[in-house]
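[1] Okay, here's the prediction I keep looking at, along with the sequence it came from:
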Amino acid sequence: MLARKYDNYAWEEDFQETHKVLRNRPSEQSYKFLRHKVMVLVACLLAFYLVSVIRSEAYVSTSNNLVLLKQQESALISHNAELKIEVETLKSPARITGIAQANLGMQVARNNIYVQADSKKNLYDGYAYAK
């Protein structure tokens, strides 16, 4: 009887050890679940990286467009300044009287010259001041 109990004890102990090994070893389904989680994580990281690359490309193209617009703005401002100077030279009274005398034969009437006074009142106290 003792030999049988020992034999059964050894057999049960061996059976329990194999069950422990089988219980400790992860099943194929848990590996699939782990692989699935890793693949989802990798896909999310790739998606975030792709979005980051797209945003950086958009940022670079926008900054390039901004640089071009600033160059165009400075060119237009300088051209506008040149045109203002040209307008001032074209509408000067000396130029207009020169064209009137040369092309139209007109003369400046010396008795009808009007001088525009400043809006400030000039208080004359008898002394001459240099301006």
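    Sure thing, it's come through. This one's a predicted model, so the numbers in the text were calculated from it and none came from an experiment. Residues are numbered from 1 along each chain as shown.

[2] Find the helix or strand that residue 59 is a member of.
    Here residue 59, judged by DSSP states H and E, is contained in helix 28-90.

[3] what about residue 97, neighbour count?
    Using other Cβ atoms under 10 Å as the criterion, residue 97 is surrounded by 13 other residues. Every C-beta, even on glycine, is put in place using the N, C-alpha and C of the backbone.

[4] Identify the residues contacting it.
    For residue 97, the set of contacting residues under the criterion of Cβ atoms under 8 Å, 6 or more residues apart in numbering consists of residue 108.

[5] Return the distance of it relative to residue 52.
    69 Å (Cβ to Cβ, to the nearest Å).

[6] Distance of residue 77 relative to residue 108?
    Residue 77 is 38 Å from residue 108, where distance means Cβ to Cβ.

[7] and if you look at residue 34?
    Residue 34 sits 102 Å away from residue 108, taking Cβ to Cβ as the criterion.

[8] Repeat that for residue 47.
    For residue 47 relative to residue 108 (Cβ to Cβ), the value is 82 Å.

[9] what about stretch 87-100, how long is it end to end?
    The straight-line separation of the ends of stretch 87-100 (Cα to Cα, to the nearest Å) is 18 Å.

[10] Check the average confidence over it, would you?
    Per-residue confidence for stretch 87-100 averages out to 88 on the pLDDT scale.

[11] ok, and for it, which residues are buried?
    Along stretch 87-100, no position meets the burial threshold by neighbour count (16 or more other Cβ atoms under 10 Å).

[12] In the protein, where is pLDDT below threshold?
    The chain contains residues with pLDDT under 70 at 1-26, 112-131.

[13] What helices and strands are in contact with the helix holding residue 59?
    For helix 28-90, the packing partners by 3 or more Cβ pairs under 8 Å, 6 or more residues apart in numbering; DSSP states H and E come out as none at all, with no helix or strand in contact.
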